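Asker: give me coordinates for this.
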Amino acid sequence: MRRTLLVLILALVSGLLGVGAVASAGSAAADGGEADEQLSINATLVDNTNVDTTDDDPSNDKADPVEGVDIVVTGPDGEEIGQATTDDQGIASVPVPSNGEYTVTIDADTLPEGTFLTDAGRVETTVDVLGFDATVQYPIGPDTRDVETWVDRLPDLLLSGVKFGLLIALAALGLSMVFGTTGLTNFAHGELITLGAMLTFGFNSGLGLPVIWSGVLAVLIMGLVGAAQDLAFWRPLNRRGTGTIALMIVSIGLGLFLRNIYQYVFGDTTRAYTQYLDQGPLDWPLVEPTQKDLVLIGTSIAVLVAISLLLARTRLGKATRAVADNPSLASSSGINVERVITVVWIGGTALAGLSGALLGVDQQVDYQMGFKLLLLVFAGVILGGLGTIWGAMVGSLIVGISIEVSTLVVPAELKYVSALGLLILILLVRPQGLLGRRERVG
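Answerer: Purely as a prediction, here's the structure:
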């Protein structure tokens with residue numbers, strides 16, 4: 001029994017030793033394999049001076065290699081890893097010890113006489129080595145890149161600003177109509193914009209309807225949403241004598257509630273409609289718009305003009321302006337104030353939905369798109385004058401144009417700051433807004 005146990009122990013020990021030997025051999029083989037697989041950084045220099053892309057002969061499109069140029073490779077700590085000189089193929093190769101980030105520097109003094117880098121400021125280049133050789137190219141010759149000046153960019157930026165301003169104006173018009181007739185500053189208006197875009201996306205992607213018909217259905221449903229929220233929510237609060245400040249706080253809570261519902265249902269990903277995703281620009285003399293841009297601008301202008309004519313010429317429009325000017329006097333004159341306010345809620349919510357649907361075509365749809373646009377909508381309304389229909393349009397156009405044109409002098413990430421700065425500046429000079437009226441307070 002003891003002999004058998006001893007034999008088993010010896011067999012187990014020898015087996016473990018065998019496994020250890022195999023593992024050591026495998027590790028050594030792996031180390032040897034890694035040692036054999038040497039990583040390197042390859043720099044390529046070609047001369048584009050004699051390249052002629054206008055000729056039909058493809059042999060004239062080939063760049064000439066540049067020989068005899070030195071490059072130096074340094075590690076993350078600035079320590080020199082190695083240097084090399086380009087061969088007759090214009091290639092210089094420097095081995096590197098491992099994966100990582102390296103800096104490749106070209107010695108401009110070793111360039112052949114009369115030649116220069118296409119990008120003179122690109123003497124140093126940072127490259128990442130991630131398991132395979134890295135290649136960096138240094139073209140030599142004239143800089144043929146077409147660099148736009150601010151004069152070249154200005155017409156396109158103006159067009160983009162007009163387009164964005166019109167999209168803001170649709171939402172701002174609805175917000176201004178509601179404020180003018182009810183006195184409510186609706187902070188949930190941004191979520192109505194988002195709902196219009198999401199409904200359009202649902203009809204388009206979920207039911208497979210064209211974007212145009214999806215947008216029409218979304219606007220109609222948003223009109224019903226406007227009537228429902230007035231009849232079931234805002235009117236009962238008004239009848240209870242809820243103050244304007246309290247109503248504004250309620251709208252903030254409603255906006256937070258809807259935004260979280262959107263995030264739960266729609267998710268936090270950005271999605272696009274199934275149509276009009278990628279369109280080439282039209283070759284016009286000064287600007288290069290897409291067909292999508294022209295449709296968005298044309299639709300926005302048509303709707304804004306139609307609403308303006310409705311408010312100025314029709315009986316309903318005159319009643320709306322009377323309620324906005326003096327609700328008590330309008331009621332004593334026989335105007336059904338509550339009915340007019342319901343119609344305004346229908347129209348204002350439908351305009352917000354239309355703005356969201358068109359904004360989804362221009363950009364993409366996400367659950368925060370209306371919230372991001374809300375501050376700009378308020379800026380347009382306040383800039384033009386609170387409660388004035390035409391002021392909301394003018395203010396929104398100014399905001400949209402200033403946002404886009406400001407990218408000529410400020411980074412694109414700060415373009416919204418310029419619009420808010422303009423708003424502050426104008427309100428310091430004219431607190432009632434551009435088209436607003438002075439009012440006595442107290």
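Asker: helix, strand or coil for residue 175?
Answerer: helix (DSSP: H, G, I helix; E, B strand; the rest coil).
Asker: list the helices and strands the helix or strand hosting residue 392 packs on?
Answerer: Taking DSSP states H and E as the criterion, residue 392 maps to helix 389-405. On a contact count with 3 or more Cβ pairs under 8 Å, 6 or more residues apart in numbering; DSSP states H and E, helix 389-405 meets helix 150-182, helix 291-313, helix 369-384, helix 415-429. All C-beta atoms are positioned from the backbone trio N, CA, C, and that covers glycine.
Asker: in TSV, list the ones you listed along with distance to residue 124 and mean pLDDT.
Answerer: Formatted as TSV, the entries for the helices and strands packed on helix 389-405 read as follows, by distance: least, Cβ to Cβ, whole Å; pLDDT from 0 to 100:
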stretch	distance to residue 124	mean pLDDT
helix 150-182	29	91
helix 291-313	40	93
helix 369-384	38	91
helix 415-429	31	83
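Asker: distance to residue 346 and mean neighbour count for those helices - can I get that in JSON lines?
Answerer: Listed next are those as JSON lines, based on distance: least, Cβ to Cβ, whole Å; neighbours: other Cβ atoms under 10 Å:
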{"stretch": "helix 150-182", "distance to residue 346": "10", "mean neighbour count": "22"}
{"stretch": "helix 291-313", "distance to residue 346": "12", "mean neighbour count": "15"}
{"stretch": "helix 369-384", "distance to residue 346": "18", "mean neighbour count": "24"}
{"stretch": "helix 415-429", "distance to residue 346": "29", "mean neighbour count": "15"}
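Asker: quick one, helices of the chain?
Answerer: For the chain, helices defined by DSSP state H occupy the ranges 2-36, 150-182, 189-201, 211-229, 235-239, 244-266, 291-313, 315-325, 327-332, 337-362, 369-384, 389-405, 415-429.
Asker: so which of the ones you listed is nearest residue 64?
Answerer: helix 150-182 (32.2 Å; Cβ to Cβ).
Asker: domains of this protein?
Answerer: Residue ranges for the domains of the chain, per automatic domain parsing: 38-140, 152-429.
Asker: low-confidence ranges in the protein?
Answerer: Counting by pLDDT under 70, the chain shows low-confidence ranges at 1-37, 50-62, 120, 141-148, 437-442.
Asker: find the centremost residue of it, please.
Answerer: When Cα atoms, centre = their mean is applied to the chain, the residue found nearest the centroid is residue 363 (7.0 Å).
Asker: from what I can see that residue touches residue 373, true?
Answerer: No - counting by Cβ atoms under 8 Å, residue 363 does not reach residue 373; the two are 10.0 Å apart.
Asker: switch the helices of the chain over to a markdown table; also include distance to residue 49.
Answerer: Converted to a markdown table, these look like this (distance: least, Cβ to Cβ, whole Å):
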| stretch | distance to residue 49 |
| --- | --- |
| helix 2-36 | 40 |
| helix 150-182 | 26 |
| helix 189-201 | 52 |
| helix 211-229 | 49 |
| helix 235-239 | 76 |
| helix 244-266 | 55 |
| helix 291-313 | 39 |
| helix 315-325 | 69 |
| helix 327-332 | 77 |
| helix 337-362 | 43 |
| helix 369-384 | 49 |
| helix 389-405 | 38 |
| helix 415-429 | 39 |
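Asker: parallel or antiparallel, list what pairs with the biggest strand by length in the chain.
Answerer: When the chain is scanned for its longest strand (criterion: DSSP state E), the result is strand 39-47. Here strand 39-47 is paired, per DSSP bridges, with strand 64-65 (antiparallel), strand 91-96 (antiparallel), strand 134-140 (parallel).
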